[in-house]
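Colleague: fold the following for me, if possible:
(2 chains)
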Number of protein chains: 2
Amino acid sequence: MPAPLLAARAHRIQPFHVMALLARARELEAAGRGIVHMEIGEPDFPTAEPVVAAGQRALADGHTGYLPAAGLPALREAIARHYADRYGLDVDPQRILVTPGASGALVVALALAADPGRNVLLPDPGYPCNRNFVELVDALPRAVAVGPDDDYQLTPALAETAMDETTAALVVGSPGNPTGTLATAESLQGLAALAAHHRATLIVDEIYHGLQYGREPAQALAHAPEAIVVNSFSKYFGMTGWRLGWMVVPEAWATPAEKLLQNLFISASAPAQYAALACFGEAAQEIFEARREAFRQRRDFLLPALRALGFRIPGEPAGAFYLYADVSGLTDDSFAFAGDLLERSGVAATPGLDFERTAPQRHLRFAYTTSLPQLEQGVERLAAHLASG
Amino acid sequence: MPAPLLAARAHRIQPFHVMALLARARELEAAGRGIVHMEIGEPDFPTAEPVVAAGQRALADGHTGYLPAAGLPALREAIARHYADRYGLDVDPQRILVTPGASGALVVALALAADPGRNVLLPDPGYPCNRNFVELVDALPRAVAVGPDDDYQLTPALAETAMDETTAALVVGSPGNPTGTLATAESLQGLAALAAHHRATLIVDEIYHGLQYGREPAQALAHAPEAIVVNSFSKYFGMTGWRLGWMVVPEAWATPAEKLLQNLFISASAPAQYAALACFGEAAQEIFEARREAFRQRRDFLLPALRALGFRIPGEPAGAFYLYADVSGLTDDSFAFAGDLLERSGVAATPGLDFERTAPQRHLRFAYTTSLPQLEQGVERLAAHLASG
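Modeller: Now for the predicted structure:
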C-alpha cells in the first residue's frame, strides 16, 4: 500500500546538520573520550535559582492550567516595564504577546506577514530555522549574502537591491546568530523605511539582547516602531528548556496575533510564565549580569586565541555567544574539517552548512557556551590539531 | 504611513467566539454574580500531586535545558509502554514524538500532510482549531456535515462523497469535541482504506482517550496503522497548562516529523517532560481513574437532566466531558440564547458557532468540567430560565 503523500515543504525543510556531529560527539564521549563542546547554542548555566524557586512555587500553588492566549497579564506588564527600565521605551502591554519560545513567535510572525509565493529576505549567514518558518507558510526564503564589510548584518542598501513588489517580510537578528554582530540604529531605521515603502513587515529577532559585551545593541522598537520584535527567556534569562518567549507587534496586529496564538498554541506554558516573573527581580538580575560577565571573559579569551591560530574573524562580534570564523586559510571544506577536528582532536564546532548558502565551506561557528578552562583546552587542542594537520 | 500587509490567512482564521462570553462571565463575577461555568474545555482538577512533585524534582535537579527535538527518550519509551499496557499494541518509540501540546502535533501533522490548495476533510461540528491549522499551511478546510445518524462521527460513506483527487488529509477526533462521541473500529478501518486509496493522510485526534464512560473507544493505531495519531497530557493526564502532547507517525514519517519539530519548536518543555514521566506511575493512575469516575457521575447526572429540560442530545456521548445539545426546540438562535442565559440566569455554555458551519444556531455545548453541586445548580437555573423565558 503506497504511503500518504508528503507535502512538498517537508522535502524543502532541512534538518540541522550539526545534529549528526553532536550525535557522533556523544558516541565518542560514551566511549570515554573527552570532548570540548563549542558547537552548542545554549548557555551552559542552569536556570537561575530565583527563577527555579518561582517555578516550584507556581507548581505548589496549582498554576498548572491554561492561561490567556496572549499571556499572563502580570508577565506582559513586567515585560513592558523591562522596555521602560532598560531602554526608556513606553510599550503598551497590549502589544506584547507571550509565546512558546521565540520559535512560536516566529511561526506567528511569518504566518501574519507572508502569503504563499511572496518572498522573505533573510541575511545569509543567519539562524537556520528562519528559512523553515518561511517554508512552513509556503512563502519563498530569499537569501541575501552579508559579509564582513557590513559586519554580517543586512543593510538597507543590500535589502533594497534584493526587494521587489512581492517581498512580504525581512527577518534580521541583532545580536545575530552565527556571527554575534549587532545591527546599527541607522540600519534598523533604513530597513523600517524600506519595509514601509513596500508594505512589508520587518521582523527583528532580539533573543540575544542582554548578552552584549561593550557596545549596546540598538533596540528595534526605538528605531522601527512598526517592526515585529521577537525575544525570548532562553538566552539572557537562562530558561531554554522551559520554552518561553514573547513578541511585540504593531498595535493593529495585536488582535490578529492573539487569534493565531489562541488557535495554534492555546497558550504558552503556565509554570514557565509564573517562573519568568522572577526574571525581573533583583536577585535574578544579579545572576544574569554575573553570567554576562562570564561570557564576556570567554569571548575576550577566545577571540584573540582563535585569530592567533589563523581563524579569520572580521569585525566585532559584540554579542550572543558565537564567533564565526572564516577557515579558508586552513581548509577548503569546513564540513570535513569539523568532522576531522572532532574525530582526531575532540573539539566540536559547527560548520557553516547550517547557517548559509553563500560560502558554507569557508566557515565554522565556535560557541563559547562552555567554561573558560574548557575553552583553553579547546584552543590547545586546536593548536595541536593544526600543527599535526 | 500604511501598515504592513496582513497575510490573507490572518483574515480567514477565526477567533473563538466563546472568548467574548467568557470575558463577560468574568465581568459578571467581578461584579459579585455567581456563574455556573459549563463552557470550559479544561478539567477543573489541578495537575495530580505525583506529577507536580515530579515537576518540582525536575526543576531541583536542573532539568531546565533543551531536550532532543523528538522528546526525552525515557518519555517516548513510557508512551510506547502505555500503548502496550492499555491497548496491547507494539509501537516503536521511534514513531512517537513528544510535542508542545496536541496543538504542536496538529501543526506538524498538517504541515507534513497538506500542500497549499489541497483540501482537508473535517467533520462539522468539530474542534474549532482544526480548520485554522489547515489555514496556516494554506490548504483548504472542507467541512463535512455529520449528525446524529452517524453519532456525529465522519463515516467512510460521508468521507467518500466529500473526497476527491486533491484531498490531502482527513482529521477526526474520538472521543470528539464538541460531541463526546466515539469513532468505531469499522469506521477507522474504512477511513484508513479511503485515505490509502487517495494517498491522503488520516489524522486521528485521541486527546480525550482515557476519558470514556462505558464503551471503550477504538484505538486508531490498531485499525489504521498508517494514521497519524495525536494525543495529549492535557485532559486524562490533567496537565493542560504544561503544554505537552505527542504524536505517533508512520515509520517513514518519523524523520520528516522530527525535522519539523526541531525547526518549529526546538523541543517541548523539559520540566513538563520530566513531570509527565510520573503520569504512568501507579499513584497518578489511581488519581486519574478517580477523576474519570467523577466525570462519569457528572455525565450520568447531566445527560438525563438536560434531556428532561428539552435539550435534545441524540446518540451516546460516551467520552470527553461534553454534551452537544440541539436547542432548536427552545430557541432559533443559540448564540443569543447563550448570551441571555448568561446575563439573566448566570449559566455559561458555548454556542455552536465555534464548532460548526452547518447549523450553529441550533446547538449549544455543555461541558461538565465543574463539580456535581455546580452542575445541579446549573440545571436548576436552566429550569428556571426556561420557565421564565
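
Colleague: what's around the closest residue to chain B within the stretch 251-389 of chain A, how many residues?
Modeller: Closest to chain B within the stretch 251-389 of chain A is A:Ala270: 3.2 Å, counting by CB to the nearest CB. Placement of C-beta: from N, CA and C, glycine included. A:Ala270: 23 surrounding residues under other CB atoms under 10 Å in any protein chain shown.

Colleague: could you find the closest non-adjacent residue to it?
Modeller: For A:Ala270, ignoring the flanking residues on the chain, the nearest one in space by CB to CB, 6 or more residues apart in numbering or on different chains is B:Gly241 at 3.2 Å.

Colleague: following element in sequence after the helix or strand of chain A at the bottom of the mean pLDDT ranking, please.
Modeller: Lowest on mean pLDDT, DSSP states H and E among the helices and strands of chain A sits helix A:18-30, with a mean of 90. Counting by DSSP states H and E, the element after helix A:18-30 in chain order, helix or strand, is strand A:36-37.

Colleague: ok, that following strand: who's next to it in the sheet?
Modeller: With DSSP bridges as the test, strand A:36-37 is paired with strand A:347-348 (parallel).

Colleague: immediately after the partner strand, which helix or strand?
Modeller: Remark: after strand A:347-348, the chain's next helix or strand is strand A:350-351, criterion DSSP H and E.

Colleague: sheet partners, orientation included, of that next one?
Modeller: For strand A:350-351, pairing defined by DSSP bridges yields strand A:363-367 (antiparallel).

Colleague: any idea how far the strand it pairs with is from the middle of the chain?
Modeller: 14 Å (CA atoms, centre = their mean, to the nearest Å).

Colleague: now do that strand against helix A:18-30, angle only.
Modeller: 60 degrees (axes from the mean of the first three to the mean of the last three CA atoms, to 10 degrees).

Colleague: re earlier: contacting residues for the residue nearest to A:Ala270?
Modeller: A:63-67, A:267, A:269-271, B:47 (CB atoms under 8 Å, 6 or more residues apart in numbering or on different chains).

Colleague: now render those as JSON lines, adding distance to B:Gly176, pLDDT and secondary structure.
Modeller: Output for the contacts of B:Gly241, formatted as JSON lines (distance: CB to CB, whole Å; pLDDT from 0 to 100; DSSP: H, G, I helix; E, B strand; the rest coil):
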{"residue": "A:His63", "distance to B:Gly176": "29", "pLDDT": "97", "secondary structure": "coil"}
{"residue": "A:Thr64", "distance to B:Gly176": "25", "pLDDT": "97", "secondary structure": "coil"}
{"residue": "A:Gly65", "distance to B:Gly176": "22", "pLDDT": "95", "secondary structure": "coil"}
{"residue": "A:Tyr66", "distance to B:Gly176": "20", "pLDDT": "94", "secondary structure": "coil"}
{"residue": "A:Leu67", "distance to B:Gly176": "25", "pLDDT": "95", "secondary structure": "coil"}
{"residue": "A:Ser267", "distance to B:Gly176": "22", "pLDDT": "95", "secondary structure": "coil"}
{"residue": "A:Ser269", "distance to B:Gly176": "26", "pLDDT": "98", "secondary structure": "coil"}
{"residue": "A:Ala270", "distance to B:Gly176": "26", "pLDDT": "98", "secondary structure": "helix"}
{"residue": "A:Pro271", "distance to B:Gly176": "29", "pLDDT": "98", "secondary structure": "helix"}
{"residue": "B:Thr47", "distance to B:Gly176": "25", "pLDDT": "98", "secondary structure": "coil"}
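
Colleague: report the two of the residues you listed separated the most.
Modeller: A:Ser267 and B:Thr47 (15.0 Å; CB to CB).

Colleague: between the two, which one's more packed in?
Modeller: B:Thr47 (31 against 24).

Colleague: wait, what's in contact with the closest residue in space to that one that isn't next to it in sequence?
Modeller: Among residues not flanking B:Thr47 along the chain, A:Thr64 sits closest, at 4.0 Å (CB to CB, 6+ apart). Contacts here follow CB under 8 Å, 6+ apart; on that basis A:Thr64 touches A:270-271, B:46-47, B:52, B:238-242.

Colleague: in strands only, show me these.
Modeller: Per DSSP state E, strands hold no members of these.

Colleague: where does the stretch 101-250 of chain A get nearest to chain B, residue-wise?
Modeller: Closest point on the stretch 101-250 of chain A to chain B, by CB to the nearest CB, is A:Gly241, at 3.2 Å.

Colleague: show the pLDDT at that residue.
Modeller: pLDDT for A:Gly241: 97.

Colleague: can you tell me how far it is from A:Leu211?
Modeller: Distance, A:Gly241 to A:Leu211, by CB to CB, to the nearest Å: 18 Å.

Colleague: quickly find the element holding the closest residue to A:Arg199 other than its chain neighbours.
Modeller: Excluding its sequence neighbours, the residue lying closest to A:Arg199 (CB to CB, 6+ apart) is B:Leu5, at 4.8 Å. Using DSSP H and E, B:Leu5 sits within no helix or strand.
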